[in-house]
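**Q** heads up, no residue letters with this:
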Ligand SMILES: C[S@@+](CC[C@H](N)C(=O)[O-])C[C@H]1O[C@@H](n2cnc3c(N)ncnc32)[C@H](O)[C@@H]1O
């Protein structure tokens, strides 16, 4: 168990938030899910009714990128009776077309891959698919993050912006910050509309 890891820590914070409000069996949307490896550590600790992972890449392409570990593979390795779905789609398209609402929307290292203006618009659009008392779990680069080209590591090359603490607050201004910390050159935050 690696509860010191920031992605796991923020999801455990989300779990505590839902528990304290007696919200159980939460529905989850993980946008830009990649292989979603963090779910291996937290899935059994959060009562989830359904989880949907959305990525622009196919599960097969994710598997090739991540040495045999794709989103579907991650969930196959979780022993529980998991109700999950993987959707290959652009997140902007998915968010504009879905008729579902979610208790928890996970956006880890995805919004900064878009232009800042589009990312802000998308963040705003997430409101329309967030349940009442729902949360957005966000991870976005902070000012210590060096945006540069690292040969052979497209992961870092793709980031289009980073945010100082002040810019971060402006970026999420329409949400209430429930929890925020900085680790590994990222802002980690839980955001709520209520
Ligand atoms: C840096 S990885 C983060 C993966 C995962 N969220 C994590 O934290 O481990 C970004 C992921 O977003 C996906 N992605 C990039 N642009 C996207 C878009 N417009 N729509 C959906 N997924 C996208 C990429 O294919 C990649 O899997």
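**A** Arrived safely. Being a predicted model, the structure only gives us computed values, none of them experimental.
**Q** And the helices in the protein, which stretches?
**A** Assigned helices in the chain, in chain order: 6-20, 39-42, 59-65, 71-76, 91-97, 116-126, 154-157, 165-171 (criterion: DSSP state H).
**Q** Run through the residues of the chain sitting next to the ligand.
**A** Residues of the chain found near the ligand, taking C-beta under 6 Å from any ligand atom as the criterion, are 32-34, 54-57, 90-91, 108-110, 113, 155. Bear in mind the C-beta positions are built from the backbone N, C-alpha and C, glycine included.
**Q** Buried residues of whichever strand in the chain runs longest, list them for me.
**A** Longest among the strand segments of the chain by residue count, using DSSP state E, is strand 130-141. Residues of strand 130-141 classed as buried under the neighbour-count rule (16 or more other C-beta atoms under 10 Å) are 130-131, 134-141.
**Q** And stretch 161-177, by the same measure?
**A** Of the residues in stretch 161-177, those scored as buried under the neighbour-count criterion (16+ other C-beta under 10 Å) are 161-163, 167-168, 171-172, 175.
**Q** So which of those residues is the closest to residue 97?
**A** Using C-beta to C-beta, the shortest approach to residue 97 within the buried residues of stretch 161-177 belongs to residue 175, at 22.6 Å.
**Q** which stretches of the chain have low pLDDT?
**A** For the chain, the stretches flagged by pLDDT under 70 are 1-4, 147-157.
**Q** Of the buried residues of strand 130-141, which pair is most distant in space?
**A** Of all pairs drawn from the buried residues of strand 130-141, the widest gap by C-beta to C-beta lies between 131 and 141 and measures 27.8 Å.
**Q** picking up where we left off before, where neighbours are concerned, which of the residues of the chain next to the ligand has the most?
**A** Top of those by neighbour number is residue 33, holding 28 neighbours under the definition other C-beta atoms under 10 Å.
**Q** Setting aside sequence neighbours, what's the nearest residue to residue 32?
**A** The shortest distance from residue 32 to any residue other than its chain neighbours is 3.0 Å, reached at residue 110 (C-beta to C-beta, 6 or more residues apart in numbering).
**Q** residues contacting the one you found?
**A** Going by C-beta atoms under 8 Å, 6 or more residues apart in numbering, residue 110 touches 31-32, 91.
**Q** mind putting the residues you listed in CSV, distance to residue 193 included?
**A** Supplementary listing: those in CSV, determined by distance: C-beta to C-beta, whole Å:
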residue, distance to residue 193
31, 17
32, 21
91, 19
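**Q** for those, which one is nearest residue 22?
**A** Nearest member of these to residue 22, counting by C-beta to C-beta, is residue 31, at 26.3 Å.
**Q** number of nearby residues for the closest one?
**A** 24.
**Q** ok, now which ones touch it?
**A** 54, 91, 94-95, 105-107, 110.
**Q** Tell me which residues touch the closest residue to it other than its chain neighbours, please.
**A** Taking C-beta to C-beta, 6+ apart as the measure, residue 31 lies nearest to residue 91, with 4.5 Å between them; neighbours along the chain are not counted. Contacts were defined as C-beta under 8 Å, 6+ apart; by that measure residue 91 touches 31-32, 54, 56, 110, 122.
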